[in-house]
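Enquirer: Quick one, fold the following:
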Amino acid sequence: MTEKEEYTMLMQRYWEAQTTPEEEQVLARYAAQTDDPAFAEIRAVLGYLSIGREIKARRGRRVRLYSFAAAAASIAIVVTLSLSLLMNRGHRTDDLCIRYAYGVQTTDNEAIMASVASSLADFFAGETPAETQLIEMFQR
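Expert: As a prediction, the model looks like this:
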């Protein structure tokens, strides 16, 4: 039996779905190397299938990449929320005002709010000393 006859029988077994994946690879290699028109159809089919397998493998990698990215994002969200809850556990929920002025800390809410109101009144009334100093600095 000649080599061509062996591959022709292998091709017939392929069409009858009786070949193993290893035999299909052998047949594909032979069909790619030969110019025999009898193997043109099998060459086209095996080429088409190999391209399909390659596309499927690429999609599988892409799906795995997206799955990994989604899992990483989920973990990041869970860690962020957990840290946020842990950081805020010991803090008071009522408003706490602290003012640092001239090296002195003040926590009296009424005094701080009076100071804020005074500063805002000065600001909206016109130029404050800080504004005047800034204007003079940039006019030079």
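Enquirer: In terms of helices and strands, where is the nearest residue to Ala28 once chain neighbours are set aside?
Expert: Sequence neighbours aside, Leu46 is the residue nearest to Ala28 in space, at 4.3 Å (criterion: CB to CB, 6 or more residues apart in numbering). In this view, the C-beta of every residue, glycine as well, is placed from N, C-alpha and C. Using DSSP states H and E, Leu46 sits within helix 40-88.
Enquirer: Give me the domain ranges for the chain.
Expert: 3-64, 110-139 (automatic domain parsing).
Enquirer: Quick check: end-to-end length of the longest one?
Expert: Spelled out, that is domain 3-64. Across domain 3-64, the terminal residues are separated by 43 Å (CA to CA, to the nearest Å).
Enquirer: try the last one
Expert: With CA to CA as the measure, domain 110-139 spans 39 Å from end to end.
Enquirer: That domain: how far from the chain's middle?
Expert: Domain 110-139 has its average C-alpha position 47 Å from the chain's average C-alpha position, going by CA atoms, centre = their mean, to the nearest Å.
Enquirer: Check which helices and strands the following helix or strand past the helix holding Leu46 sits against.
Expert: Counting by DSSP H and E, the next helix or strand C-terminal to helix 40-88 is strand 99-101. With contacts taken as 3 or more CB pairs under 8 Å, 6 or more residues apart in numbering; DSSP states H and E, strand 99-101 sits against strand 104-106, helix 109-125.
Enquirer: try 6 Å this time
Expert: With contacts defined as 3 or more CB pairs under 6 Å, 6 or more residues apart in numbering; DSSP states H and E, strand 99-101 has no helix or strand neighbours.
Enquirer: That one pairs with which strands?
Expert: Looking at strand 99-101 with DSSP bridges, its partner strands are strand 104-106 (antiparallel).
Enquirer: contacting residues for the spatially most central residue of the chain?
Expert: Centroid check for the chain by CA atoms, centre = their mean gives Ala69 as the closest residue, at 4.8 Å. In this structure, Ala69 makes contact with no residue, judged by CB atoms under 6 Å, 6 or more residues apart in numbering.
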